[in-house]
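Chemist: Model the structure of this input:
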Amino acid sequence: MIDVYYWPTKNAHKVTMMLEETGLGYNLVPVNLGSGDHFKPDFLKISPNNRLPAIVDNEPTDGGEPVSVFESGAILVYLAERTGRLLPTDMRQRTVVLEWLCWQVSGLGPTVMQQEHFAHYASERIDYAVARFNAETRRLYAVLDRQLATRPFVAGDEFSIADIAIYPWIVPWLDDPQCFAVFANVKRWFEVVGQRRATRAAYARADTFAA
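Modeler: You can find the predicted model right below:
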């Protein structure tokens, strides 16, 4: 059983999507961000960056002590290697998957987060920041759209952890139908991933958790 330290965030959705895809048993451990649970000493032992998600694999494949992993990208790689799923062993294919995983972790995720902050949550509106992060988000969408123009999934013909990493960060743009009208390849891919059983199950867990 894998303990998932969880709150219904975009990065946490990656982990539950991956676990649903692989069929590994898991348990959601609530970490209430609003209550500051992510700053508590016990959680910091698992996730020293005080961010979600984090996992503890209580039955690692080496038979040793439980293994804790923080940072969503590292968790996806860990689970892929643990199960032999969704991360190719072929050097070239694996490199493409890891490129797009890093693209999400270092580019799309932080940019969308800043876009949402300045557009919806900042205490005062800063037009430059709103315009800056809107423009960069759309630039990244254009990059993704070009990548998906010639292949069904982000890294090629097969669904992978690259798709899992990116999908939750596209969800916010459902509120902007003009965006999907422009990026037709992203829209097609987004609908395919959203229809997967594992994606639906992961988001259903989030709905139940938040209720």
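
Chemist: Tell me the pLDDT of the residue lying closest to Val154 once chain neighbours are set aside.
Modeler: Excluding the flanking residues, the one nearest Val154 by CB to CB, 6 or more residues apart in numbering is Ala162, at 4.4 Å. The way it works is simple: take the backbone N, C-alpha and C, and place the C-beta from them, glycine included. Per-residue pLDDT puts Ala162 at 98.

Chemist: So what's the gap between the helix or strand where Ala162 lies and the chain middle?
Modeler: When elements are assigned from DSSP states H and E, Ala162 belongs to helix 161-166. Centre-to-centre, helix 161-166 and its host chain are 6 Å apart (CA atoms, centre = their mean, to the nearest Å).

Chemist: name the helices or strands packed onto it?
Modeler: helix 10-22, helix 72-83, helix 91-103 (3 or more CB pairs under 8 Å, 6 or more residues apart in numbering; DSSP states H and E).

Chemist: CSV please, covering these and showing mean pLDDT, mean neighbour count and distance to Tyr203.
Modeler: CSV is the format used below for these (pLDDT from 0 to 100; neighbours: other CB atoms under 10 Å; distance: least, CB to CB, whole Å):
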stretch, mean pLDDT, mean neighbour count, distance to Tyr203
helix 10-22, 97, 23, 7
helix 72-83, 98, 20, 16
helix 91-103, 98, 17, 20
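
Chemist: Of all these, which one is nearest Val192?
Modeler: helix 10-22 (13.6 Å; CB to CB).

Chemist: hmm, back to that, can you tell me how far the residue nearest to Val154 sits from Thr95?
Modeler: Plainly put, Ala162 is 11 Å away from Thr95 if you go by CB to CB, to the nearest Å.

Chemist: repeat for Glu116
Modeler: Distance from Glu116 to Thr95, by CB to CB: 31 Å.

Chemist: now the helices and strands packed on helix 161-166 in TSV, with distance to Lys45?
Modeler: Formatted as TSV, the helices and strands packed on helix 161-166 follow (distance: least, CB to CB, whole Å):
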stretch	distance to Lys45
helix 10-22	19
helix 72-83	16
helix 91-103	26
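
Chemist: Tell me which of the ones you listed lies nearest to Thr208.
Modeler: helix 10-22 (11.3 Å).

Chemist: What strand or helix carries the nearest residue to Glu81 once chain neighbours are set aside?
Modeler: Using CB to CB, 6+ apart and skipping residues adjacent in sequence, the residue nearest Glu81 is Leu87, 6.7 Å away. If you go by DSSP H and E, Leu87 is not part of any helix or strand.
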